[in-house]
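*Asks:* Predicted model follows, preceded by the sequence.
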Amino acid sequence: MAAALLWSAALSASPQTAPEAIQIELNRLEDQGNSCRAYLVIANPGAVSYTGFKLDLVVFDRSGTIIRRLALDLAPLRAQKTSVKVFDIADTGCKAIGSVLLNEVLDCRDSGGEISDCVQRVSTSSKLPVSLSK
């Protein structure tokens, strides 16, 4: 009986395997008239497919002042798949953008339903002088 309790305690103390990070990279910015077209590369290397995945993004100018806030829906994110999301930042020239902040993950769901604190599952990077951070 004591051995079973010790075994049970050892199992409950072992760390849970965390899901692999969803990697979001700001890959390209290009002017489109009065707007800036942004390209994100999203890698989901894990086994979880997301049926809902919406970001709250805040765009700052080069001096650090907020110039735009937008919600960006990336869903669906298939498991073990890399994809590209293209979106326009309205009435904003690319040269005005200094950085982009992933403020929050507004919607995060898999086949089992809502997932809390999804921002912890995201890692950010940028190939540009304009940073993407969280």
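*Replies:* Right, received. Where do you want to start? Given the structure is predicted, the values throughout are model-derived calculations rather than measurements.
*Asks:* which regions of this structure lie under the pLDDT threshold?
*Replies:* 1-18 (pLDDT under 70).
*Asks:* Where is the longest strand in it?
*Replies:* Longest among the strand segments of the chain by residue count, using DSSP state E, is strand 97-110.
*Asks:* For that one, list every residue counted as buried.
*Replies:* Under the neighbour-count criterion of 16 or more other CB atoms under 10 Å, strand 97-110 has Ile97, Gly98, Ser99, Val100, Leu101, Leu102, Glu104, Val105, Asp107, Cys108, Arg109, Asp110 buried. In this view, the C-beta of every residue, glycine as well, is placed from N, C-alpha and C.
*Asks:* Need the max-distance pair from these.
*Replies:* Gly98 and Asp110 (34.1 Å; CB to CB).
*Asks:* could you pull out the helices for the protein?
*Replies:* 2-13 (DSSP state H).
*Asks:* What segments of it are strands?
*Replies:* Counting by DSSP E, the strands of the chain are 22-32, 35-44, 50-61, 66-73, 81-89, 97-110, 113-114, 122-126, 131-133.
*Asks:* what's the nearest residue to Leu55 once chain neighbours are set aside in contact with, if anything?
*Replies:* Using CB to CB, 6 or more residues apart in numbering and skipping residues adjacent in sequence, the residue nearest Leu55 is Leu72, 4.7 Å away. Leu72 is in contact with Leu40, Lys54, Leu55, Leu57, Lys85, Phe87, counting by CB atoms under 8 Å, 6 or more residues apart in numbering.
*Asks:* what number of residues lie near the fifth one?
*Replies:* I take that to be Lys85. Number of residues near Lys85 (other CB atoms under 10 Å) recorded here: 16.
*Asks:* and what of the fourth one?
*Replies:* Look at Leu57: counted by other CB under 10 Å, it has 19 neighbours.
*Asks:* my guess is it meets Leu70, correct?
*Replies:* Yes. Judged on CB atoms under 8 Å, Leu57 makes contact with Leu70 at a distance of 5.4 Å.
*Asks:* Export only the CA atoms of the longest strand of the chain, formatted as PDB.
*Replies:* Provided in PDB are the C-alpha atoms of strand 97-110 (Å, rounded to 0.1, in the frame of the first residue of the first chain):
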ATOM      1  CA  ILE A  97       5.800  51.300 -38.300                       C
ATOM      2  CA  GLY A  98       8.400  50.900 -35.600                       C
ATOM      3  CA  SER A  99       7.100  47.700 -33.800                       C
ATOM      4  CA  VAL A 100       4.200  45.400 -33.400                       C
ATOM      5  CA  LEU A 101       3.000  44.000 -30.100                       C
ATOM      6  CA  LEU A 102       1.100  40.700 -29.700                       C
ATOM      7  CA  ASN A 103      -1.000  42.100 -26.800                       C
ATOM      8  CA  GLU A 104      -3.200  39.100 -26.300                       C
ATOM      9  CA  VAL A 105      -4.700  36.000 -27.800                       C
ATOM     10  CA  LEU A 106      -8.400  36.800 -28.000                       C
ATOM     11  CA  ASP A 107      -9.700  33.400 -29.100                       C
ATOM     12  CA  CYS A 108      -7.900  30.100 -28.600                       C
ATOM     13  CA  ARG A 109      -9.800  26.900 -29.200                       C
ATOM     14  CA  ASP A 110      -9.100  23.300 -30.200                       C
END
